[in-house]
Each structure stands twice: as C-alpha cells, then as structure tokens.
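Q: here is a sequence together with a model predicted from it:
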Amino acid sequence: FKKEGETVEKGEPVVEVLSDKVTYEVEAPASGILHKIMAEEGTDVPVAETLAIITAPDEELPEVEAITEAPIERVKERIPASPAAKRVAKEHGVDLTQVKGTGPEGRIVEEDVRRFIEETKAKRKIRQVIPLAGIRKIAAERVSLSAKTAPHSTITMEVDMTNAKKLREKLQVSYTDVLVKAVAKALTEHSIINSTLEKDKIKIFEDVNVGVAVATEAGLVVPVIHNADKKSLKEVSSALKELVEKARKGKLAKEELSGGTFTITNLGMFGVDTFTPIINPPETAILGVGRIVEKPVVVNKEIIVKPIMQLSLSFDHRVVDGAPAAQFLQKIKEIIESSESLLT
C-alpha cells in the first residue's frame, strides 16, 4: 500500500499478505519512513522473512539485499544452420533455437525449418497468458488438495421454495440468507456433517460456522458467518450482507475468512440447475445451490406449478455415508419448506 520513502503511522496497513488459508493486511509496527521494501509484489516469501524496513526520518541503514528471484543469464550461442535454413527462418520469423536440426552433427537444414513452420501452424495459438497467482493460486491449491485427499460423493434433492419466497418478500432477505439459516439449523441436528477428519480421528466442531463462497475480481473467497445457528434470520442477513461487501472490496479481516465448518456455494444466478461442488478443506461437506425454476408438481392428485430449487450436497465419504448425508439434505429441505422453522 506504500512506496519507499513514504511516511507510515503505527497500526496503518502497509502490505497485503496471501497465505494458503487467508488474505490479511499487515500493519506497521511503528511510525516512521518506509526505508526499504524487501519483497516485490507477487513474490513468494518464507515465513518470518522481513517484508520491509521502517526507520526514523533521520535514521540511515546500510544497504540491504531485497528478496528477489535470481536472474537467469542468457548466453548467445552460435546455431549451426545452413545458409538456406537461415534465409527461410528469416523470411518466416522463425527462432532457430526452437528448431531441431537433422543434418550432420545436428546442423539445421532448410527442410528442418520448413517442417517446423508447418508444425507450428497446426498448434493452437495462445492469445494471452494469465499468471496463476494470488487468490486464484491459493484456490487452485486448495481444490487440488480436496480432490486428491477427500473421496467426493454428491447427492441432489429438489426443494419447494414457495414458503421461502413469501418469507423473502416479507422480511426483505435473500435466498442465500434463508439457506444459511436452514443449513445452520440442520447442522445442529446432524453434527457428523459439522466435522473434520484429522489422520484417523473424526473431530466434530462445537461451533456452527457457515462459509459462503463469494466471487470477486481477484478470485473466489469464502467469508464465514460464525455461530450461524445462534443468529436469527435477520441477523444472518445483516452479517452476510456486510461480509459480501467487504469481500468485493478486498477488506475482509483474517478472522472473517477462517474457522468455517461448512460451506455454501450458489450458482443459481448463472442459470445453473445442479453441479458437483468441491469440498472446502478441511471441512466434510459443501452445499451447491441451483436456480429456482417454475415446475409442475403433483399435489393431492392435482398438477400445480411451484418454484423448485435443486440442492447438491458433496460430502467426504471417509466421514459420512450416503444415508446420513441424505438425511441431512432432507432436513435442510424440511426447514426451508416450513417458514416457521426459519424464524426460530
């Protein structure tokens, strides 16, 4: 947030740090001048390494070495190639260092260059290269870990959103608010879902902390509503609204991104019906939310059109079997379909 030579105040945020779990701001430990930035933006820095040096305005320090990647020196080599090969390469803008020679002692001949040109034409052209960094890199590492370590199983269920729709309009809350409240209540009854697997032990969490996946310009983040089971629907709505706003501004505190015991991810606004969400480690399960669709259903032998939502529950099969997972999803359905349950 600051440049070398600028003044900083004690407690003022000076740098944003991304770890494998959270993104947080590091505050200045003292007031003074930002004398030296030791790590450039985007650099991987070891734990406990110095990020910057703050000094008094009149204090001088000896030169210190910044944390950078060692430069790679490129040595210009003489490339053995025939005059004809060089001419064709120049005409077509071919880098001879990329061409494999088939002539004597690996010498590049005209045929090698022409073959390289034809092979290059057949390759897919790259329009843009985007570095995998920051939140996107952390997310990639976490979903890879989840896919490798937790045997996923996914079940789906339809939910009648008639009463939830009325409640949403009456209390001015979102469908995600309703889902958070329903999930929190269901977790208190199905505590095996509110757990984590550590080595050969299943540890059931005391608190019910529901994370909600939020898409931002920097990537996906999961702010957490702590003790969601103890909050009213309106309190859940207020907390979630504040967290989403902070997430999109990149202002979430460390504690607002940690401690989750279950995650909800909603793709319904993109027209998605069902999908297979990836568990957010070290949690045991995640709920995927689809769009609401007006569908004809049979009620008392009559066809009625109702707003139906598809829910997809992915769970770690090492911890939870299919039956208890289905019972948990059934409980969420029951709570959502009964508006009274959401008000307690």
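A: Looks like it arrived, so ask away.

Q: okay, CA-based contacts and neighbour counts for the rest of this
A: Noted.

Q: next SSE downstream of the least confident helix or strand in the chain by mean pLDDT?
A: Lowest on mean pLDDT, DSSP states H and E among the helices and strands of the chain sits strand 23-27, with a mean of 69. Using DSSP states H and E, the helix or strand that follows strand 23-27 in sequence is strand 32-37.

Q: alpha carbons only: can I get that next one in PDB?
A: Below are the C-alpha coordinates for strand 32-37, written out as PDB (Å, rounded to 0.1, in the frame of the first residue of the first chain):
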ATOM      1  CA  GLY A  32       8.400   6.300  10.500                       C
ATOM      2  CA  ILE A  33       9.600   6.200   7.000                       C
ATOM      3  CA  LEU A  34       9.300   3.100   4.700                       C
ATOM      4  CA  HIS A  35      13.000   2.800   4.200                       C
ATOM      5  CA  LYS A  36      13.200  -0.400   2.100                       C
ATOM      6  CA  ILE A  37      10.700  -2.800   0.500                       C
END
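
Q: mean confidence (pLDDT) on that strand, please.
A: In this model, strand 32-37 carries a mean pLDDT of 78.

Q: and the end-to-end length of stretch 294-308?
A: Chord length of stretch 294-308, first to last residue, is 6 Å (C-alpha to C-alpha, to the nearest Å).

Q: any regions of this structure where pLDDT drops low?
A: Residues of the chain meeting the criterion pLDDT under 70: 18-24, 42, 48, 60-77, 124.

Q: 90 instead?
A: For the chain, applying pLDDT under 90 flags the ranges 1-79, 105, 118-145, 147-149, 199, 216-219, 250, 299, 339-344.

Q: outline the domain layout of it.
A: 1-73, 83-122, 134-343 (automatic domain parsing).

Q: can you get me the start-to-end distance on the last one?
A: From the first residue to the last, domain 134-343 extends over 40 Å; the measure is C-alpha to C-alpha.

Q: now, of the domains of the chain, which is deepest in the fold?
A: domain 134-343 (a mean of 18; mean count of other C-alpha atoms under 10 Å).

Q: follow-up on the earlier one: okay, the domains of the chain in TSV with distance to residue 128 next?
A: What follows is the domains of the chain, written out as TSV (distance: least, C-alpha to C-alpha, whole Å):
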stretch	distance to residue 128
domain 1-73	19
domain 83-122	17
domain 134-343	17
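
Q: where exactly do the helices run in the stretch 101-250 of the chain?
A: Secondary structure of the stretch 101-250 of the chain by DSSP state H, counting those that start in this stretch: the helices cover 110-122, 134-149, 162-171, 175-189, 233-249.

Q: between those helices, which one is closest to residue 300.
A: helix 162-171 (16.5 Å; C-alpha to C-alpha).

Q: remind me what that closest one packs against, helices and strands.
A: Counting contacts by 3 or more C-alpha pairs under 8 Å, 6 or more residues apart in numbering; DSSP states H and E, helix 162-171 is packed against helix 175-189, helix 322-337.

Q: CA atoms only for it, dumped as CSV, please.
A: Provided in CSV are the C-alpha atoms of helix 162-171 (Å, rounded to 0.1, in the frame of the first residue of the first chain):
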residue,chain,number,x,y,z
THR,A,162,-43.0,-21.4,-2.1
ASN,A,163,-42.8,-20.5,1.6
ALA,A,164,-39.2,-19.3,1.4
LYS,A,165,-40.2,-17.0,-1.4
LYS,A,166,-43.0,-15.5,0.8
LEU,A,167,-40.6,-15.1,3.7
ARG,A,168,-38.0,-13.5,1.5
GLU,A,169,-40.5,-10.8,0.4
LYS,A,170,-41.9,-10.3,3.9
LEU,A,171,-38.5,-9.9,5.7
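
Q: that helix vs helix 175-189, what angle?
A: Counting by axes from the mean of the first three to the mean of the last three C-alpha atoms, to 10 degrees, helix 162-171 points 120 degrees away from the direction of helix 175-189.

Q: contact partners of helix 162-171?
A: Helix 162-171 is touched from outside by 173-175, 178, 234, 306-307, 336-339, with contacts defined as C-alpha atoms under 8 Å, 6 or more residues apart in numbering.

Q: report the secondary structure state of residue 288.
A: Secondary structure for residue 288, judged by DSSP: H, G, I helix; E, B strand; the rest coil, is strand.

Q: can you tell me which residues contact it?
A: Contacts of residue 288 (C-alpha under 8 Å, 6+ apart): 264-267, 274-277, 311-314.

Q: beta partners for it?
A: Residue 288 has these beta-bridge partners by DSSP bridges: residue 265, residue 312.

Q: wait, what's in contact with residue 188?
A: 208, 229.

Q: relative to residue 207, how far out is it?
A: 9 Å.
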